[in-house]
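Chemist: sequence unavailable; structure follows:
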């Protein structure tokens, strides 16, 4: 009698068992964490092979099948998100080993691993789920683990930010749950397939609104972004990288997924989503220009970039919806990789020079060159310069908007790009000016092996742009948006 | 008037009251309580959806969902309250 | 002619809404919590009226009982930390910036509109509409248990239930990470009469909790309700100081927290053989496996809820050490 296991169940259960082991054996937590990430990545690779060979794959848990039971399903988009999570997660973990190595961080180290592995369990669960109530539970797993990571440092600022994050998270989840209730009232089932083609009755419109606002709160879409900057800026660097690079993407993914199944909104509502995105692009950009600290600037840039993804989603209106998700998916991947690299680099810079006040970046003789270089590379992808993945995403966004004649979305994208050039330039100026401090060249050091992980991530953000075509054809496997080409 | 109508409206009203509290309450503890009210409101909606005119038995699935929701909510509440207690301790020490 | 039950329903509904509003608007935080507890118990009563006894039990035990205990404990801590323990009324415990009346009114109008929209949506939805009942009725004989809610929780949608236990685990990990130390505020201890009562009550509670777990297979009850009742034992032990958490007990506590999740997930994985998928219990052993899972989960829930109430990792801190990061 041999146990037959699907790679889908492994992608969720391996991190779960890892979290349990890391919590029970705190001294071996880092080792367990690494083994878990390697095994999880293996499971995702196995799943990717299956999906490449057979298209979308499903698994009826318990053998019941939806709607009574819960099915798992993986298509190109799910696997792309799983892969993003594994790759970014693995590299952030390497960086965490270094940034949590001090004796005074023993406690942080002990809790980082179980919380991060629980977070991984929740995120992988979201990407494979096909049931809206199951999504609610998974989102809560993510929320509790993410808040735990936010307050890892134990500082008063981090705790205050974590509490605000917690309120926003619970509130968002409850709006989502209320939406689930309305879906049940109307349709009597909760699986994605049951939502397809349902007539947009009052109850379903209420459900859609509640679910969308709940998710917007979780992904920090303007004007519901108020909790994000403080939470992401005050967390320790590896936690910030996970929160900004990965966690907000989970709720974004759910929006993208449900847009395919829920009775879709009219053109006006889609425009409203685009407008919220546009608001985020502008407001996030302006706040990033005004931010005094490097990590806060990076956090505000996340608000702006999330907005851009929603603009990408609305770019071609109702007619082009089946194409728009691709631009959004590309931007999600690009932002996930580049933002993780950027937060890690910002953390390294802060570690080396002892502060992250942007105004004083040029007042130090120590130049963490490699971290600064990494930061710049990540900025290239976030600004959207060729050949980065961010460029391909933005290009695809503008192409669709121009084809549909929606010049206002093109304008918003351009404005956002200019703003990002402006706010990142503030940082570059600090990196490149040497006239304020006179010191021998030999002291312009401050780079270490710890820069390897963020640098790898930043190089990936740039290099994947060259591989955009295969990436795009991969995420189309199983037609996540139901439309065959 | 059937119980599902009465309690369905009750649930929506409780959710609405929780909503006001979640947006307006400044006190940390009160805000937690407001969120809990929202969750009870959502619970009402699902339990009402499961109700069938007796003697027909209700749909057990939403009942299971609400039980799950209750356990999830108590977990989230516990974390929020721990954050509140820790913050208060830090604030009290900083002031001294 | 009106059915007297309708009048009862209407009065209960009114009381629930009034209590919800009152608990949010009363100034004294202690009264707020007490009103909330009454609100929760009445909501549970309403759910009994809607033929949902399992949900009512869970709400009364966990949603109201445990949540109420958590809130009261936190209030005690806040009053201690802010030095207002001696005051009669519990307000001004946390620093609160006054909210302008205009803001409150705007919020109220805004939320009122949303609520109105939801009412319209609710009235438009089909009453006693489609549901899972036929599917559940058909699948029950293969579930291994007789009580439908247990069948859904532990078999049809057991993946959700596993993840719910994971949420509980995540909560206790997060709480232990946030707070540490043996005790900052002197714990609210019970007087002697209560201590005596607790000693008498403890065995009875254990019996009730275990009974709830056992009966879950056939009748309302189950792991979550049983676990919550057993957690009450833990609360009483903590409050009477019959048990004081020690740093040396952390290993055992960690084991107890993860026991339910680990057993649940292992069973779910190991049954996947011979053409079965994960979570697909073989029919002959379904009842045994479900009871095994429920037993383990009950232990974890009871210990975890009690630990959430205690609210801190028992670590011996050096004097003045408040920021051991």
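Modeler: On my side now, so go ahead. Nothing here was measured: the structure is a model prediction, and the numbers come from that model.
Chemist: average model confidence for stretch A:174-189?
Modeler: Mean pLDDT, computed over stretch A:174-189, is 95.
Chemist: and for stretch C:238-248?
Modeler: Average pLDDT, stretch C:238-248: 83.
Chemist: now it: buried residues?
Modeler: For stretch C:238-248, the neighbour count (16 or more other C-beta atoms under 10 Å in any protein chain shown) marks C:238-240, C:245 as buried. C-betas here are computed from N, CA, C, even on glycine.
Chemist: next: stretch C:206-222.
Modeler: So, applying 16+ other C-beta under 10 Å, buried residues of stretch C:206-222: C:208-209, C:212-217, C:220-222.
Chemist: pLDDT weak spots in the chain?
Modeler: No chain specified, so I'll use chain A. A:1-3, A:263-265, A:434-447, A:480-485 (pLDDT under 70).
Chemist: please refer instead to chain B.
Modeler: Scanning chain B with the threshold set as pLDDT under 70 gives B:96.
Chemist: in it, which residue sits closest to chain C?
Modeler: Residue of chain B nearest chain C, by C-beta to the nearest C-beta: residue B:16 (3.1 Å).
Chemist: and for chain A?
Modeler: Among the residues of chain A, residue A:188 lies closest to chain C, at 2.9 Å counting by C-beta to the nearest C-beta.
Chemist: that residue and residue C:129 touch, don't they?
Modeler: Yes. Between residue A:188 and residue C:129 there is a contact under C-beta atoms under 8 Å: 5.7 Å.
Chemist: buried ones in the longest helix seen in chain B?
Modeler: Identified as the longest helix of chain B according to DSSP state H is helix B:60-95. Going by neighbour count (16+ other C-beta under 10 Å), the buried part of helix B:60-95 is B:60-91.
Chemist: next up, the contacts around residue A:324.
Modeler: Shown in contact with residue A:324 (C-beta atoms under 8 Å, 6 or more residues apart in numbering or on different chains): A:312-316, A:400.
Chemist: could you dump the residues you listed into TSV with distance to residue C:281 and neighbour count added?
Modeler: Shown next, in TSV, are the contacts of residue A:324 (distance: C-beta to C-beta, whole Å; neighbours: other C-beta atoms under 10 Å in any protein chain shown):
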residue	distance to residue C:281	neighbour count
A:312	45	29
A:313	42	24
A:314	46	29
A:315	48	30
A:316	48	24
A:400	49	22
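Chemist: of all the residues in chain B, which one is nearest chain A?
Modeler: residue B:45 (3.7 Å).
Chemist: that residue: which element?
Modeler: Applying DSSP states H and E as the criterion places residue B:45 in helix B:28-50.
Chemist: the residue most central in space within chain B and residue C:43: what is the separation?
Modeler: Centroid-nearest residue in chain B, with C-alpha atoms, centre = their mean: residue B:39, separated by 2.3 Å. Going from residue B:39 to residue C:43 by C-beta to C-beta, to the nearest Å gives 11 Å.
Chemist: with residue A:234 instead?
Modeler: 37 Å.
Chemist: check residue A:29 too.
Modeler: 41 Å.
Chemist: neighbour count winner among these two?
Modeler: Using other C-beta atoms under 10 Å in any protein chain shown as the criterion, residue A:29 and residue C:43 rank with residue C:43 on top: 30 against 23.
Chemist: and the more buried one, helix, strand or coil?
Modeler: What DSSP: H, G, I helix; E, B strand; the rest coil gives for residue C:43 is helix.
Chemist: these two touch, right, it and residue C:16?
Modeler: Yes. Contact criterion C-beta under 8 Å: residue C:43 and residue C:16 qualify, at 5.8 Å.
Chemist: common neighbours of the two, please.
Modeler: Common neighbours of residue C:43 and residue C:16 (C-beta under 8 Å, 6+ apart) are residue B:14.
Chemist: neighbours of residue A:411, how many?
Modeler: 12.
Chemist: again, but for residue A:238
Modeler: By other C-beta under 10 Å, neighbour count at residue A:238 equals 28.
Chemist: tell me the helix or strand right after the strand or helix carrying it.
Modeler: In the assignment (DSSP H and E), residue A:238 maps to helix A:237-242. With elements assigned by DSSP H and E, the helix or strand that comes after helix A:237-242 is helix A:248-261.
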